Every structure is written in C-alpha cells, then in structure tokens.
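Asks: Predicted model and sequence follow; I will ask about them next.
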Amino acid sequence: MDDPTEPLERIELAVPGHEHWAGVGRGALELLADVIKDQAPSRVVLVSDHGVGPIWAERVRAEVARAGFECALHLTPQGEAAKSREGLFDLLAFLERERVDRAGLILALGGGTVGDVSGLAASLWLRGVRLIHLPTTLLAMVDSALGGKTGINSEVSKNSIGTFHQPVAVLSDLDLLSTLPRDQYLAAFGEVVKYGVAMDAELARLLQAEAARLRSPSDPLLARVVARCVELKAQVVAADEHDRGGRAILNYGHTIAHALEAASGYTATHGRAVALGMRGAALLGQRSGFTEPALVQEQDRLLAAYDLPGSLPRVDPELALEALGRDKKSAFGRLGWVLPRRLGEAVISRQLDSDLVRQVVLEILG
C-alpha cells in the first residue's frame with residue numbers, strides 16, 4: 001500500500017436494494033452540498049452531541065446552506081449516554097417538532113454513539129427516513145458509520161435494541177480528526193487492527209511497519225488505511241447485510257469486548273475493549289489448539305504499537321461472564337466466537353468449551 005495520490009477515495013457499498021457509497025479523504029465534507037442536492041430532500045436536520053456540535057456543526061451548516069437549505073440542530077449527550085431510551089425518544093421528539101416528513105434527511109455528525117442513535121431514529125421515524133453519516137472519529141470512519149447497524153443499549157446489554165438502516169452516503173473527512181483527543185484516536189486502532197488480523201495480512205503488516213506514521217492523524221497514509229478498512233467492511237456487508245452468516249467475521253474481539261463494556265457500565269473505551277477481546281479470542285484459539293502461539297505474539301506486538309489494550313476500567317469478571325450469556329449474537333444458547341487461524345484470516349466457531357472461556361476471561365480481566 002502506497003500513500004494515496006488522490007485527495008478523496010470513493011468506495012461503493014453494494015448492499016442489495018440499498019446501494020450507497022463512502023467518501024474518504026481530507027475535504028470530504030465539501031461534497032455534502034452536492035450530495036444533499038442529489039437527494040432533493042424536503043427538510044434537512046442535523047444531529048450531533050455536546051462535544052462535537054460546538055466545534056463542527058456550523059461547518060456542516062455552511063455546506064447545507066450551499067445546498068439551499070437551513071437545518072435545525074439537535075444535541076445528544078456525549079458518549080454511551082446518548083444510546084438510551086431517553087436519548088432516542090428525545091431525538092424522535094425533535095424530528096416531530098421539526099416536521100421532518102418522509103422526504104426528509106438526517107445528518108449524523110459525530111462518533112459511533114451519535115451515528116447509532118441517529119440511525120435508529122431514522123429507521124423508526126415515519127417507518128424510515130434518509131440518513132447521511134458524517135463521522136468525526138476514526139472508530140466511526142472505519143466501523144460504526146458503515147454497514148447500517150443502529151442501536152441503543154438496554155440496562156444490561158450493548159446495542160440490543162436496534163435495526164438495520166443503511167445510509168444514503170458516508171462522508172469521512174479526515175480533517176475532522178484534528179479535534180479528536182489523542183487517546184480516542186489511538187484506541188480506535190483496536191478496530192483497525194481487527195481488520196488486519198482477521199481479514200487482511202497486508203494491512204496488518206502495514207500497520208506494524210508504519211505505526212510511527214499512523215499514530216499521527218495528519219499523516220497522508222491514514223487515508224489509505226481508512227479506505228482499506230471501508231473496502232473490507234463493504235465486501236462483508238454487501239454479502240450479509242443482516243448479520244446472518246459471514247458478517248460475523250467483523251465481530252472478531254467483540255464478544256469479550258461487549259461483555260467488558262456492559263460490566264463496566266459502558267465506561268470502557270470501545271476500541272480498547274475490542275483490543276482486549278482480540279487478545280482473549282487469540283488465547284482461546286491457542287488453548288483450543290486452533291491458533292499458533294506465534295500469531296498470538298504477533299497480534300500482541302501489533303496492538304502494543306498503538307498502546308493497546310491500554311487502560312481499561314477494572315470490572316468484576318463474574319459480571320462480564322454473566323454478560324457473555326446475554327450476547328446478542330448468540331443463537332440456540334451458544335456464542336459465535338471468531339478465532340484467528342493465521343494472519344489475515346479468522347473463522348467463526350460455536351464449539352468452545354465453557355470452562356476454557358471462563359478460564360481465559362478470568363485471566364485477562366484479573
């Protein structure tokens with residue numbers, strides 16, 4: 001992979017019946033006015049949170065004005081607090097007050113929590129209105145803004161209340177990462193490394209070789225890495241939009257991660273939780289005779305290059321084990337574990353011994 005020579009990469013997401021595209025690059029937000037014009041909406045509204053909105057909302061509104069529209073702004077709480085029933089119904093009430101009809105358009109400006117709750121509201125309001133994602137975090141650019149998953153949390157499980165609702169476009173402007181706290185930026189590499197280890201050995205090797213460059217959000221190489229992650233997710237989502245089979249490969253590291261997040265009261269940083277979950281999944285693979293020890297060590301080195309897993313809240317391992325049993329991806333009482341076979345390849349297994357799972361979870365959370 002070389003540095004990109006074009007300022008913007010356009011990746012098609014060929015989801016049957018819901019085809020759309022993602023633009024990745026610096027200045028991608030400048031495409032918004034034309035995208036809005038193409039959509040010809042009756043009304044445009046903007047959803048952000050109290051952290052991102054004061055920084056970037058006016059920049060987005062300027063693009064909306066260039067398209068010939070005004071847009072009201074709704075601010076959600078920051079973080080997982082937005083993904084509650086109260087947060088969802090506050091947003092739905094905003095859409096009703098603003099008289100957003102079925103020809104309306106919602107712009108979701110923020111990280112994964114804003115995108116998740118905005119997507120759910122867009123799918124529910126009038127049984128479905130259009131949505132454009134404008135991600136402002138690396139995590140959202142490579143993962144949550146893509147694929148159409150929406151959701152809020154229940155009191156005890158993550159993303160258990162949700163729908164599938166594809167956006168009409170995703171515009172990932174890397175310039176918006178300039179205000180992202182460094183800790184959040186590096187934590188997002190948990191998701192980036194996931195793609196490398198589970199799906200693309202070349203990407204994994206690039207992440208290891210160029211870690212010094214990629215630790216800076218201003219490096220030109222970042223655009224190509226983000227675009228490659230989008231390409232990988234696009235391939236999987238197009239083949240399995242509703243997460244019934246092959247899309248589960250994207251859950252590598254997420255089974256333990258979601259249990260940790262639930263046990264922490266959603267205070268654990270998602271990317272760091274995924275990194276710890278990847279470590280747990282690799283250990284499970286090794287101890288079940290599926291994963292070579294060398295791969296476990298290689299993954300550990302790759303995660304460490306981005307300070308991962310890093311600092312995570314201490315949780316009661318028993319609460320995490322309890323949360324595993326409520327994982328929304330389980331079927332017929334069994335969890336769908338994703339285990340690494342070799343660098344760039346992982347497989348889905350439902351045959352792990354429960355005592356082994358308990359042993360590894362207690363070890364990594366101890």
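Replies: Nice, I can see it.

Asks: roughly how far apart are Ala121 and Gly128?
Replies: Distance, Ala121 to Gly128, using C-beta to C-beta, to the nearest Å: 11 Å. Quick note: C-beta positions are derived from backbone N, CA and C, even for glycine.

Asks: So between these two, which is more surrounded?
Replies: Under the criterion of other C-beta atoms under 10 Å, the comparison of Ala121 against Gly128 puts Ala121 first, with 28 against 12.

Asks: Can you verify my assumption that Leu95 contacts Ser123?
Replies: No: when contacts are counted by C-beta atoms under 8 Å, Leu95 is not listed as touching Ser123 (11.8 Å).

Asks: Which residue of the two possesses the greater neighbour count?
Replies: Each of Leu95 and Ser123 has its neighbours counted (other C-beta under 10 Å); Leu95 has more, 23 against 18.

Asks: So that one, which state does it fall into?
Replies: helix (DSSP: H, G, I helix; E, B strand; the rest coil).

Asks: The stretch 101-250 of the chain: strands as residue ranges?
Replies: For the stretch 101-250 of the chain, the strands defined by DSSP state E, counting those that start in this stretch cover 105-110, 130-135, 169-173.

Asks: okay, those in CSV with mean neighbour count and distance to Gln359 next?
Replies: Shown next, in CSV, are these (neighbours: other C-beta atoms under 10 Å; distance: least, C-beta to C-beta, whole Å):
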stretch, mean neighbour count, distance to Gln359
strand 105-110, 28, 39
strand 130-135, 26, 37
strand 169-173, 26, 40
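
Asks: Please tabulate those strands in CSV, including the columns mean pLDDT.
Replies: Putting the strands of the stretch 101-250 of the chain into CSV (pLDDT from 0 to 100) gives the following:
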stretch, mean pLDDT
strand 105-110, 98
strand 130-135, 98
strand 169-173, 98
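
Asks: could you redo these as a markdown table and give each row distance to Ala346?
Replies: Output for those, formatted as a markdown table (distance: least, C-beta to C-beta, whole Å):
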| stretch | distance to Ala346 |
| --- | --- |
| strand 105-110 | 30 |
| strand 130-135 | 25 |
| strand 169-173 | 25 |
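
Asks: Out of the ones you listed, which is closest to Arg279?
Replies: Arg279 lies closest to strand 130-135 among the strands of the stretch 101-250 of the chain, at 26.2 Å (C-beta to C-beta).

Asks: can you list contacts of the closest one?
Replies: Residues outside strand 130-135 that contact it (C-beta atoms under 8 Å, 6 or more residues apart in numbering) are 29, 32, 35-36, 39, 41, 60, 104-111, 115, 118-119, 122, 140-141, 144-145, 165, 167-173, 176.

Asks: so where's the protein uncertain?
Replies: 1-7, 327-334, 350 (pLDDT under 70).

Asks: Show me how it divides into domains.
Replies: 8-180, 185-366 (automatic domain parsing).

Asks: how long is the last one end to end?
Replies: Counting by C-alpha to C-alpha, to the nearest Å, the length from the leading to the trailing residue of domain 185-366 is 26 Å.

Asks: just the shortest one next, same as before
Replies: End-to-end distance for domain 8-180, by C-alpha to C-alpha: 20 Å.

Asks: ranges for the helices of the stretch 201-350 of the chain?
Replies: Along the stretch 201-350 of the chain, counting by DSSP state H, counting those that start in this stretch, helices occupy 201-209, 211-214, 221-239, 254-263, 270-287, 293-304, 317-324.

Asks: which residues touch the shortest one?
Replies: Applying C-beta under 8 Å, 6+ apart, the external contacts of helix 211-214 come out as Phe189, Leu207, Asp219, Leu221, Leu222, Val225, Ala305, Tyr306.

Asks: List only buried entries from the residues you listed.
Replies: Phe189, Leu207, Leu221, Leu222, Val225, Ala305, Tyr306 (16 or more other C-beta atoms under 10 Å).

Asks: Pull the contacting residues for the fourth one.
Replies: Right, Leu222. Leu174, Leu214, Ser216 are the contacts of Leu222 under C-beta under 8 Å, 6+ apart.

Asks: repeat that with 10 Å
Replies: Listed by C-beta atoms under 10 Å, 6 or more residues apart in numbering, the contact set of Leu222 reads 3-4, 24-26, 138, 141, 174, 177, 185, 192, 210, 213-216.

Asks: Most neighbours out of the residues you listed, which is it?
Replies: Met141 (32 neighbours).

Asks: Report the spatially closest residue to that residue, excluding sequence-adjacent ones.
Replies: Leaving aside its sequence neighbours, Met141 sits nearest to Ser172 (C-beta to C-beta, 6 or more residues apart in numbering; 4.2 Å).

Asks: beta partners of that neighbour?
Replies: Under DSSP bridges, the beta-bridge partners of Ser172 are Val24.

Asks: how many other residues sit next to the residue nearest to Pro340 when sequence neighbours are not counted?
Replies: Residue nearest to Pro340 in three dimensions, not counting chain neighbours: Ala346, with 4.8 Å by C-beta to C-beta, 6+ apart. Residues lying near Ala346 (other C-beta under 10 Å) number 27.
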